[in-house]
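**Q** 3D, please:
(one chain, ligands or ions: 4)
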Amino acid sequence: MEMETNLRHALEREEFFLEFQPIVNARDGRLVGAEALLRWSDPEKGLIMPDMFIQVAEESGFIVPLGEWVLRTACRKMKDWREAGLPPFRISVNVSGRQFCQANFTDTVCSIIRETGMDPSFLALEMTETSLMVDVEATAKALMQLKELDISIVIDDFGAGYSSLGYLQKFPIDRIKIDRSFIRDLSSHANDKAIVEAIIAMAARLKLQVVAEGVETSEQLDFLKEQGCHEIQGFYFHRPLSEELFKTLLWEIK
Ligand code: G
Ligand code: G
Ligand code: MN
Ligand code: NA
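**A** Numbers count the residues shown, from 1 in each chain. Ligands and ions are numbered 1, 2, ... in the order given. Modelled structure (predicted):
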């Protein structure tokens, strides 16, 4: 309860901000996208990472206005960067289950797009398998509406949930992001290699794009490239960057 009050005040006092972690093409390392990651700068406690507050925000429902803030902020920045003449790329925003389950979620997305004037074809929404499986019919309908707006859909933490694979056919999904836990031990665990290989092969058959997250070494990168993984997100290329550093990077690649 106290935490919830703190979060509410933090939003009012504008203590939240976004970092941006580049996502690159696996073959040539060129930037193709970025994931917006939420941070909280508390005047007393300093920087607080999302692992410390996202779950509380989910449980209390505060994730709904907070997630809306993230989406609006990311869309606004994207619009500004495009207007400043920076090169186009895909901006990924995390959507929590609680947020996605709101009956008016797609309306909210729609009005944020309209309000910010951002080109929705540059927007990707990242959701977990679990949040898509809560109400399969409602999910199918909502994803269709998002697709009609030209927004792309990414399955985050792919492989870490327990859901069936059937939904990959049923829902209009563009991309899956292989969970970091499979990438971490690629070189030491033969099983993880087999799993990653199988995920990439399956994605190819289903014509889905694949992003690997948590890539930290050239060995991991080489294996993923060999298997035909399309995109890479990880410290090997870039850490999450402040807006300033991210913009500097964008100007450099322009
Ligand atoms: O770097 P990182 O510590 O940012 O993120 C930790 C976790 O917090 C990840 O699982 C990530 O998906 C989640 N996260 C980061 N930003 C957001 C956000 O804006 N909304 C939601 N729902 N989760 C986020
Ligand atoms: O939304 P998601 O759960 O995918 O959140 C992305 C998280 O992954 C963020 O916390 C981000 O900081 C983290 N991350 C991204 N790349 C790497 C990496 O190479 N190594 C590690 N340890 N974490 C990473
Ligand atoms: Mn994510
Ligand atoms: Na993830």
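
**Q** what's near enough to touch Asp135?
**A** By C-beta atoms under 8 Å, 6 or more residues apart in numbering, Asp135 lies in contact with Cys101. C-beta here means a position set from N, CA and C on the backbone, and glycine is covered the same way.

**Q** Give me the phi and psi angles of it.
**A** phi -140, psi 100 (degrees, to the nearest 10).

**Q** before we move on, what about Asp157?
**A** When read as degrees, to the nearest 10, the backbone of Asp157 gives phi 50, psi 40.

**Q** how deep is it tucked in, by neighbour count?
**A** Asp157 has 18 neighbouring residues, counting by other C-beta atoms under 10 Å.

**Q** Count residues in the vicinity of the residue nearest to it when sequence neighbours are not counted, would you?
**A** Among residues not flanking Asp157 along the chain, Asp179 sits closest, at 4.5 Å (C-beta to C-beta, 6 or more residues apart in numbering). Neighbours of Asp179 under the rule other C-beta under 10 Å: 23.

**Q** I'd assumed Glu213 was in contact with Asp179.
**A** Yes - between Asp179 and Glu213 there is a contact under C-beta atoms under 8 Å: 7.0 Å.

**Q** Quick check on Leu31: phi, psi?
**A** Main-chain torsions, Leu31, degrees, to the nearest 10: phi -70, psi 130.

**Q** list the contacts for it?
**A** Residues in contact with Leu31 (C-beta under 8 Å, 6+ apart) are 22-25, 87, 89, 249-250, 253.

**Q** Helices along the stretch 51-200 of the chain, start to end?
**A** Counting by DSSP state H, counting those that start in this stretch, residue ranges of the helices within the stretch 51-200 of the chain are 54-60, 63-83, 97-100, 105-116, 129-133, 136-148, 167-170, 180-184, 190-205.

**Q** ok, the contacts of Leu31 vs ligand 3, which is closest?
**A** Ligand 3 lies nearest to Ile23 out of those, by C-beta to the ion, at 10.2 Å.

**Q** What separation do you get for the nearest residue to Ala36 once chain neighbours are set aside and ligand 1?
**A** Among residues not flanking Ala36 along the chain, Ala74 sits closest, at 4.3 Å (C-beta to C-beta, 6+ apart). Distance of Ala74 to ligand 1, given as C-beta to the nearest ligand atom, to the nearest Å: 8 Å.

**Q** same check, this time on Tyr167
**A** According to C-beta to the nearest ligand atom, Tyr167 stands 20 Å off from ligand 1.

**Q** hang on, that residue packs against Met127?
**A** No - using C-beta under 8 Å, Tyr167 is not in contact with Met127, being 11.2 Å away.

**Q** quick one, which of the two is more surrounded?
**A** Met127 (23 against 17).

**Q** what does the stretch 51-200 of the chain have sitting close to ligand 3?
**A** Within reach of ligand 3 by C-beta under 5 Å from the ion, the stretch 51-200 of the chain has these residues: 94, 126, 156.

**Q** which of the residues you listed tops the neighbour count?
**A** Asp156 (23 neighbours).

**Q** roughly how far out does the helix or strand hosting Leu11 sit from the chain middle?
**A** Using DSSP states H and E, Leu11 sits within helix 2-12. Here helix 2-12 is found 24 Å from its chain centre; the criterion is C-alpha atoms, centre = their mean, to the nearest Å.
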